[in-house]
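Q: my questions are about this predicted structure, shown below with the sequence.
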Amino acid sequence: MSSSLAGILQIVLLVVVLALCYKPLGDYMARIFTSDKHLRVEKGFYRFVGIDPEADQRWGTYARSLLAFSGVCVVFLYLLQRIQEWLPYDNGMSNVSPFLAWNTAASFVTNTNWQNYSGESTMGYTVQMAGLAVQNFVSAAVGIVVVIALIRGFVRQKTDRLGNFWVDTTRIVIRVLLPLSVIGGVILMASGVIDNFNLTHLISTLTGGQQTMVGGPVASQEVIKELGNNGGGFFNANSAHPFENPNGFSNWFEIFLLLVIPFALPRTFGKLVGDNRQGYILVAVMAFLWLAAVGGISFFEWQHAGTALQTAGGAMEGKEVRFGIPGSSLFAGSTTVTSTGAVNSFHDSFTAFGGGIAVFDMMLGEVVPGGVGAGMYGMLVLAVVTVFIGGLMVGRTPEYLGKKIRPTEMKWASLYILCTPTAALIGAALALGFSVPRASILNSGPHGLTEIVYAFTSMANNNGSAFAGLTTATGWYNLAGGVVMLIARFAPEIFVLALAGSLGRQQKVPVSLGTLETHKPLFAVLLVGVIIILVGLTYFPALALGPFAEGLH
């Protein structure tokens, strides 16, 4: 079987399995957030922390709860690293330095998992299991509950109450992330991913315990890493390491894990708003852009310019021979459109245009299908913008799901769209403008610029992958990166919740002849155009001076 045919079969099988999971998983998540019943373990948690599960929060209270929870997580994780050598099961590791502890705490709480260290030589067992691995669950849960709050803004009328942050977060962790991680962990172990940490094996599996130096429990951590779109790994080689990703099946299954929840959330959206066609349109847009990204990377990585590439059958530098061009391109395309950041090959060694597509994927705003929850609320904000633009173009009333898109809604949507690229581009500009961070660039010319832009685009979009030719394990990058990750994660979520509150206060208007039909293919085409044009207008200079200039050299 040729490598190209193998790549096509992997994609086809992935599409089929994701399609089979779309309805049951999406419907299940919709039932979770519409049920008024609490599990016994959930009731015990509410009593323990003093939460009234029946309290319905306004958008401002919901946002403050999210920020308070995440702020406590940052402080706790920072302190845990700073006292590591005095904790049990420290594995002989010393306390993490202040700047690195700050960056790591910000990284894992924002679901970025950007790592300026190698886990096997820096973090002990307790920090990894009680700190980093726990954040793999709860940071993913925070992204999901924000999109649920936004959907409630579309569904509810004459109220700005969006649910209860604590109840939503508890339910998604206990009812979705934990069960799926256990099932996925068992499948990964069956496929050859090792899981040999003997201490409290069951607990570490349920909490997504981080890997030990000898490799376990790798399966339990690997599954929640992919399932929750977290890129952090114990081994510096990430999913290129045979302990984490031993064969073609494990490679395919990890890609499935990082896509399954983001691709199911449009079904949850359609179910909650009472029109499944709305979900079909959004998932079609996501799937189209995802397949275009994978196809584009595969095309450029298969180019045979030069004797070495002709001999290897493609641009094989930095890629595992176990996966080749197909498995590496599929993983790279999927991890950069989902804010996962896990890698099975070094993106820095991709061709200029192959690596350029990877950074372009992140510049899309991580919406195809994007991070767990974060991708869906980003797509809904873009749908709001598309409805507004479409209404202006054809003279139709700018409405989406019965809610008018007024100047107030557009202000919140515009702030959301501007926030992430502002953080990314200002961070990159500062890195290029000062001599200290500029000294970390190991490659000159356009490729060095791409490395800087990739790094801050990755951090701002909470992705976590990187071009390896940039030395970011410095005080400047640790400090600046932590600030960028926190701003680019929580400022957009505040704007989304404000948008949800504004929508929820409205009374729904009936469909009329002037209403733009958002369940038709024409809207999907318009939405794709808006996404690409926004990215082009925002990032074109950086792309032109970086990957475009390098590729055309």
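A: Great, that's in hand.
Q: output the below-cut-off pLDDT ranges for this protein.
A: Residue ranges of the chain with pLDDT under 70: 1, 119, 195-236, 304-314.
Q: tell me where it has strands.
A: Assigned by DSSP state E, the chain shows strands spanning 399-400, 403-404.
Q: now render the ones you listed as a markdown table, adding distance to Pro179.
A: Glycine gets a C-beta too; all of them are placed from N, C-alpha and C. Listed next are these as a markdown table, based on distance: least, C-beta to C-beta, whole Å:
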| stretch | distance to Pro179 |
| --- | --- |
| strand 399-400 | 33 |
| strand 403-404 | 34 |
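Q: just those strands: most buried one?
A: Mean neighbour count, computed with mean count of other C-beta atoms under 10 Å, is highest for strand 399-400 among the strands of the chain, reaching a mean of 23.
Q: identify the residues contacting it?
A: 154, 383-384, 387, 391, 405, 509, 515-516, 518 (C-beta atoms under 8 Å, 6 or more residues apart in numbering).
Q: can you select the buried ones among these for me in ChimeraX?
A: A single ChimeraX command is used to select the members of those judged buried by 16 or more other C-beta atoms under 10 Å:
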select :154,383,384,387,391,405,515,516,518
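Q: to Lys37, which of the strands of the chain lies closest?
A: Closest to Lys37 of the strands of the chain, according to C-beta to C-beta: strand 403-404, at 29.0 Å.
Q: so what are the sheet partners of the closest one and their directions?
A: Under the criterion DSSP bridges, strand 403-404 sits next to strand 399-400 (antiparallel) in its sheet.
Q: and the partner strand, how far out from the chain middle?
A: On the basis of C-alpha atoms, centre = their mean, to the nearest Å, strand 399-400 sits 27 Å off its chain's mean C-alpha point.
Q: again with stretch 478-498
A: Relative to its chain's centre, stretch 478-498 lies at 14 Å (C-alpha atoms, centre = their mean).
Q: again with stretch 382-393
A: 25 Å.
Q: and stretch 161-170, by the same measure?
A: 21 Å.
Q: contact partners of it?
A: Applying C-beta under 8 Å, 6+ apart, the contact partners of stretch 161-170 are 33, 38, 42, 45-46, 49, 51, 53-59, 62, 65-66, 69, 138, 141-142, 144-145, 148-149, 152-153, 156, 497, 500-501, 504.
Q: please redo it, this time with the cut-off set to 7 Å
A: For stretch 161-170, the surrounding residues in contact (C-beta atoms under 7 Å, 6 or more residues apart in numbering) are 33, 42, 45, 51, 53, 55-59, 62, 65-66, 138, 141-142, 145, 148-149, 152-153, 497, 500-501, 504.
Q: and the helices in the stretch 1-150 of the chain?
A: Assigned by DSSP state H, counting those that start in this stretch, the stretch 1-150 of the chain shows helices spanning 3-34, 40-49, 59-82, 98-109, 119-122, 125-126, 133-155.
Q: swap in the stretch 451-553 of the chain?
A: Under DSSP H, counting those that start in this stretch, the stretch 451-553 of the chain gives helices at 475-504, 521-543, 549-551.
Q: distance of the residue lying closest to Pro510 once chain neighbours are set aside from Ile148?
A: Counting by C-beta to C-beta, 6 or more residues apart in numbering, Pro510 lies nearest to Gly402, which is 7.5 Å off, once chain neighbours are set aside. Applying C-beta to C-beta, to the nearest Å, the value for Gly402 to Ile148 is 18 Å.
Q: more neighbours, those two?
A: Higher neighbour count among Gly402 and Ile148: Ile148, with 26 against 17, using other C-beta atoms under 10 Å.
Q: I figured the more buried one hits Phe33, correct?
A: Yes - with contact defined as C-beta atoms under 7 Å, Ile148 counts as touching Phe33 (5.2 Å).
Q: could you check how far Arg171 is from Phe467?
A: Distance, Arg171 to Phe467, by C-beta to C-beta: 38 Å.
Q: got it, and Gln135?
A: 24 Å.
Q: with Ala352 instead?
A: Distance from Ala352 to Phe467, by C-beta to C-beta: 12 Å.
Q: who's more crowded, the two?
A: Phe467 (25 against 18).
Q: list the contacts of the more buried one.
A: So Phe467 contacts 347-348, 450-451, 454-455 (C-beta under 7 Å, 6+ apart).
Q: swap the cut-off to 6 Å and go again
A: With contact taken as C-beta atoms under 6 Å, 6 or more residues apart in numbering, Phe467 is in contact with 347-348, 451, 454.
Q: ok, which pair from those residues is furthest apart?
A: Across those, no pair lies farther apart than His347 and Glu451, at 9.9 Å, counting by C-beta to C-beta.
Q: what about those two, which has more around it?
A: Between His347 and Glu451, counting by other C-beta under 10 Å, Glu451 is the more crowded of the two (27 against 23).
Q: go ahead and confirm that one touches Gly469.
A: Yes - counting by C-beta atoms under 6 Å, Glu451 does reach Gly469; the two are 5.2 Å apart.
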